[in-house]
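Asks: Just to be clear, the model below is a prediction. Sequence and coordinates:
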Amino acid sequence: KAGVTQTPRYLIKTRGQQVTLSCSPISGHRSVSWYQQTPGQGLQFLFEYFSETQRNKGNFPGRFSGRQFSNSRSEMNVSTLELGDSALYLCASSPTSGAYNEQFFGPGTRLTVL
Amino acid sequence: AQTVTQSQPEMSVQEAETVTLSCTYDTSESNYYLFWYKQPPSRQMILVIRQEAYKQQNATENRFSVNFQKAAKSFSLKISDSQLGDTAMYFCASLSGNTPLVFGKGTRLSVIA
C-alpha cells in the first residue's frame, strides 16, 4: 500500500501570498489531520477532516483553512502569508476518526515565507 | 486540556547502550492513549510504540519499551541496544476521545558510534 503523500514537498512564497498544500491519504483511510511543525512551537494540530467534514480545529487564525474531497484527499490553504507561517506542514491519515486509530504521517511540505 | 511535557531537549547515547527518554502528561480523561513517535532527520514520522491507559502492562516493541506510571502521569521510553538508525527526534503524544493528538516538544536523540 502506498503511504501518505504530500505535494509539493518544498514551497517558497512571499508575505501576503496564499498557498495550497495537498495530502493524499493511504487508500481506504477516511480521516486526515494536519499539523504545523516549527522549532519554537513544536507540533501543533491544525484540523481534522473525516468524510469531508471538519471534525476538529486547532487554535489557528481563520487564514488557515482546509477541505476534504470525496476521495478523502485533503487540501489546506493559508491566505495572506506571514513570516511566522514558515514551517513543516504534516498531514496524517487514519482509517477512521477517534482515539483508537494509528495515524500515519506523510513526509511533509516545507513552506518558507520570505 | 491535555498537555505533554518532554523535559530533555537533547540526549546522546553510545551505540549498544540503553537510553531512557522522559515524558509526563496531564489529562482529565479516564481513557486515553499515549504514543512515542520517531522523526528521523529529513524523514517522515513513524509510530514507535503505543500504550492504552487502561492496560497496566507496559508496552514493548522489540528494543523499545515504555515505563507507564499512571498515577504519576509519566510515560518514559527505553531504547535498548541503541543503534545508529535510532538517531532522530522523539515525540511523546497523547490522545483521548475526540480530541486531537497533543505532542510534546520532542527530544533529539543522537546515537554515537
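Replies: Sure, I can see it.

Asks: So which residue is dead centre in the chain?
Replies: You didn't pick a chain, so chain A it is. Nearest to the geometric centre of chain A sits A:W34, at 3.2 Å (CA atoms, centre = their mean).

Asks: nope, chain B
Replies: B:W36 (3.3 Å).

Asks: related to what we said a few turns ago, bridging residues for the residue nearest to the centre of chain A?
Replies: For A:W34, the beta-bridge partners under DSSP bridges are A:F47, A:C91.

Asks: Contact partners for it?
Replies: Residues in contact with A:W34, defined by CB atoms under 8 Å, 6 or more residues apart in numbering or on different chains, are A:C23, A:F45, A:L46, A:F47, A:E48, A:G66, A:S74, A:M76, A:Y89, A:L90, A:C91, A:A92. Where C-beta positions appear, they are placed from N, C-alpha and C, glycine not excepted.

Asks: neighbouring contacts of the helix or strand hosting the first one?
Replies: Per DSSP states H and E, A:C23 falls inside strand A:19-24. Contact partners of strand A:19-24, identified using CB under 8 Å, 6+ apart, comprise A:4-8, A:11, A:13, A:32, A:34, A:73-78, A:81, A:89, A:91, A:93, A:106, A:109, A:111.

Asks: What's the first helix or strand after whichever strand or helix holds B:F91?
Replies: Taking DSSP H and E as the definition, B:F91 sits inside strand B:88-95. Per DSSP H and E, the first helix or strand lying C-terminal to strand B:88-95 is strand B:102-103.

Asks: returning to what we had before: now render the contacts of A:W34 as TSV, adding distance to B:M89, neighbour count and pLDDT.
Replies: Putting the contacts of A:W34 into TSV (distance: CB to CB, whole Å; neighbours: other CB atoms under 10 Å in any protein chain shown; pLDDT from 0 to 100) gives the following:
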residue	distance to B:M89	neighbour count	pLDDT
A:C23	21	27	98
A:F45	17	20	94
A:L46	19	22	97
A:F47	23	22	93
A:E48	23	26	94
A:G66	25	22	97
A:S74	24	25	98
A:M76	23	22	98
A:Y89	16	23	97
A:L90	12	24	97
A:C91	18	29	97
A:A92	16	26	95
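
Asks: where do the strands sit along chain A?
Replies: A:5-7, A:10-13, A:19-24, A:31-38, A:42-50, A:53-57, A:64-68, A:74-78, A:87-94, A:104-105, A:109-113 (DSSP state E).

Asks: C-alpha coordinates for the fourth one, PDB please?
Replies: Presented in PDB, the C-alpha positions along strand A:31-38 are these (Å, rounded to 0.1, in the frame of the first residue of the first chain):
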ATOM      1  CA  SER A  31      -9.600  10.700   8.300                       C
ATOM      2  CA  VAL A  32      -6.900  13.300   7.500                       C
ATOM      3  CA  SER A  33      -5.300  15.500  10.100                       C
ATOM      4  CA  TRP A  34      -3.000  18.500   9.500                       C
ATOM      5  CA  TYR A  35      -0.200  19.700  11.900                       C
ATOM      6  CA  GLN A  36       2.200  22.600  11.800                       C
ATOM      7  CA  GLN A  37       5.800  21.900  13.000                       C
ATOM      8  CA  THR A  38       8.100  24.700  13.900                       C
END
